[in-house]
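Student: Sequence and predicted structure, then a few things I'm wondering about:
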Amino acid sequence: MTPKKTAATKAVATSSSTGAMVMPFDFGEMAGEGMENMTAADQAVPFIRILQALSPEVAKKDSKIPGAEPGLMLDTVTRELHEDIVIVPCITEHLYVEWRPRSQGGGLVGRRGLHDPVVAQCKKNEKGRLITPEGHELVETFYLACMTLANADDTVPAGFAMLAFTSSGIQPYKKSIGELRKFPDAPLFAHRLRVSTDEQSNSEGTWYNWVLRPVNQPEGDPVFRNGVLPSLIDPDGPQAALLDAARNFKSDVMAGSANIAYDSQDDGATVRSDDTVF
């Protein structure tokens, strides 16, 4: 990841070229002791959210993070800010996320499959959004569970994260994943992507949206697929262990054993043109 250089993102130890944190001491044979029983459930998997002009971390005095500004990305667990991140996509999920409106207290209600009976009971409001009989909104969401790398050539992961694509964010997600599907002989987690943001606008306002590109996309080349092969993880190369780590994370997500911080995801309300915040 490329952290935004602010006081809020200073680490107590320096990140090594492998993505692991460098310790100031050598603990010898005691290294790692006490962590034997830890699993994926012990580590909270954050969401990476794009900050918008109306995001609380930018606009609200009591929630503001030093250095936060529209277009930066926020790690919802560590609260670190990033200008871009390098990810290894592991698995995707397409569903509806149910949100309670502010008038009812706001917040996440839950996640529903595409064929959940509640979906069929919804009606579209004047904005074309799906509203449940209880007055909640169902937001079509594409999740991307991924491994993160401190640097594109690292041999161990820096961590794991979730990205949620909604509304206008669905288009860049579909475009990127669609390109990766043109290489069916490679697992999804053999790809390395750089995630950043780009300012967009229409008649309703201005916001920042996702940009996903292969890490070795040729400079100035707008064609996504031209960067795919140079960005693959070589199963016989120095990064081969990343494939096993990504595969294990994929299995944890599928089994429901990954401790994903779903309550910290963004409902996309800060980029809407109306005042109905869910």
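Tutor: Here it is on my side, so go on.
Student: I'd like the average pLDDT over stretch 173-189.
Tutor: Averaging pLDDT along stretch 173-189 gives 97.
Student: And that stretch, end to end?
Tutor: Start-to-end span of stretch 173-189 (Cα to Cα, to the nearest Å) is 16 Å.
Student: buried stuff in it?
Tutor: Y173, S176, I177, E179, L180, P187, L188, F189 (16 or more other Cβ atoms under 10 Å). Just so you know, the C-beta spots here come from the backbone N, C-alpha and C atoms, and that holds for glycine as well.
Student: Next: stretch 217-231.
Tutor: For stretch 217-231, by 16+ other Cβ under 10 Å, it's Q217, F224, G227, V228, S231.
Student: and after the lengthiest strand in the chain, which helix or strand comes next?
Tutor: Looking across the chain with DSSP state E, the single longest strand is strand 81-100. Following strand 81-100 in sequence order, the next helix or strand is strand 107-112 (DSSP states H and E).
Student: thinking again about what came up before, return the subset of the buried residues of stretch 173-189 lying in helices.
Tutor: Of those, the ones assigned to helices by DSSP state H are Y173, S176, I177, E179, L180.
Student: If we ignore the residues flanking it in sequence, what's nearest the third one?
Tutor: When you say that, I think you mean I177. T92 (6.7 Å; Cβ to Cβ, 6 or more residues apart in numbering).
Student: right, and the one you found touches K174 too?
Tutor: No: T92 is beyond contact range of K174, at 10.5 Å (criterion: Cβ atoms under 8 Å).
Student: any idea how far the residue nearest the centre of the chain is from L193?
Tutor: Centroid-nearest residue in the chain, with Cα atoms, centre = their mean: L163, separated by 2.3 Å. Going from L163 to L193 by Cβ to Cβ, to the nearest Å gives 10 Å.
Student: Identify the contacts common to the two.
Tutor: I87 (Cβ atoms under 8 Å, 6 or more residues apart in numbering).
Student: hang on, the earlier thing: mind listing the residues bridging to the residue nearest to I177?
Tutor: On the basis of DSSP bridges, T92 is bridged to L144.
Student: Can you give me every residue that contacts it?
Tutor: By Cβ under 8 Å, 6+ apart, the neighbours of T92 are F142, Y143, L144, A145, I177, L188.
Student: Of those residues, which is the nearest to M35?
Tutor: M35 lies nearest to A145 out of the contacts of T92, by Cβ to Cβ, at 22.5 Å.
Student: one step back: next step: the buried residues of stretch 217-231 restricted to helices.
Tutor: Counting by DSSP H, those contribute V228, S231 to helices.
Student: farthest pair in the buried residues of stretch 217-231?
Tutor: So, the buried residues of stretch 217-231 by Cβ to Cβ: farthest apart are F224 and S231, at 10.4 Å.
Student: Overlap of the contact sets of these two?
Tutor: Joint contacts of F224 and S231 (Cβ under 8 Å, 6+ apart) are P214, Q217.
Student: sorry, back to before: need the overlap of contacts for T92 and K174.
Tutor: Joint contacts of T92 and K174 (Cβ under 8 Å, 6+ apart) are F142.
Student: Residue ranges in the protein under the pLDDT threshold?
Tutor: The chain contains residues with pLDDT under 70 at 1-22, 37-42, 268-278.
Student: where do the strands sit along it?
Tutor: 2-3, 44-45, 48-50, 73-75, 81-100, 107-112, 123-124, 130-131, 137-149, 159-165, 193-202, 205-214, 259-260.
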